[in-house]
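J.: Fold the stuff below for me.
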Amino acid sequence: MTPAPSVYLSLMPDGEYLISLTYPLLSVCSSALFEAKLFLSRVHQDTSGADLESGALDIESKLKRIEDDLKGSGTSHLFNLMQGVNSRASCAFEPLLRDRLAQTEKIRSVQVILQRFRTLFNLPSTIRGSISKGEYDLAVREYKKAKSIGLPSHMTD
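T.: All right, here's what the predicted structure looks like:
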């Protein structure tokens, strides 16, 4: 659907009026009603076909270059920002992570020691349970088993 043309009256130097018809929405490139053929016939009526073709190729190459530049610069800028954030995060959290790692290692070593001496910690209740059931041999066996666990020298004195 072609919109209605706008009518313009222009006063010529000789005093005559010139009536001109324009299609404003058809010649605005950003308009949804833009028609390239009409635009070229009105605006570039004196331009040769070779010039129009070279202009179209020039526009296409410039658009491609802009698009390629945007692709590269957009991702490289984002990559640089991410590296900056990563660097700041490392500076901020590295001491905390180092402290947590040291604390985790201490807790693990305590866990290993507790696991190793679990029999000793459970020995009183195990012996009481065995004696209350009349299983004296089991109580003596648990005691010998606990005694055979190699205690560090400072604990045996």
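J.: host element of the spatially most central residue of the chain?
T.: Within the chain, one residue has its C-alpha closest to the average C-alpha position: by Cα atoms, centre = their mean, that is Met82, at 8.4 Å. With the criterion set as DSSP states H and E, the secondary-structure element containing Met82 is helix 49-116.
J.: list the contacts for Arg98?
T.: With contact taken as Cβ atoms under 8 Å, 6 or more residues apart in numbering, Arg98 is in contact with no other residue. In short, each C-beta sits where N, CA and C put it, glycine included.
J.: just checking, next helix/strand downstream of the helix holding Met82?
T.: Proceeding C-terminally, helix 49-116 gives way to helix 118-132 as the next helix or strand, assigned by DSSP H and E.
J.: ok now the next helix or strand after that following helix, how far from the chain's centre?
T.: Along the chain past helix 118-132, the next helix or strand (assigned with DSSP H and E) turns out to be helix 136-148. Distance of helix 136-148 from its chain centroid, counting by Cα atoms, centre = their mean, to the nearest Å, is 61 Å.
J.: again with stretch 99-106
T.: Stretch 99-106 has its average C-alpha position 30 Å from the chain's average C-alpha position, going by Cα atoms, centre = their mean.
J.: quick one: average confidence on it?
T.: Taken as a whole, stretch 99-106 has a mean pLDDT of 93.
J.: Likewise for stretch 66-77?
T.: Mean per-residue pLDDT for stretch 66-77: 69.
J.: got the contact list for the residue nearest to the centre of the chain?
T.: Neighbour list for Met82: empty [criterion: Cβ under 8 Å, 6+ apart].
J.: Can you tell me how far Arg128 is from Glu67?
T.: Taking Cβ to Cβ, to the nearest Å as the measure, Arg128 and Glu67 are separated by 83 Å.
J.: how many neighbours does Tyr143 have?
T.: For Tyr143, the count of nearby residues is 14 (other Cβ atoms under 10 Å).
J.: which residues are contacting stretch 120-132?
T.: Under the criterion Cβ under 8 Å, 6+ apart, external residues in contact with stretch 120-132 comprise Leu114, Tyr136, Leu138, Ala139, Glu142, Tyr143, Ala146, Ile149.
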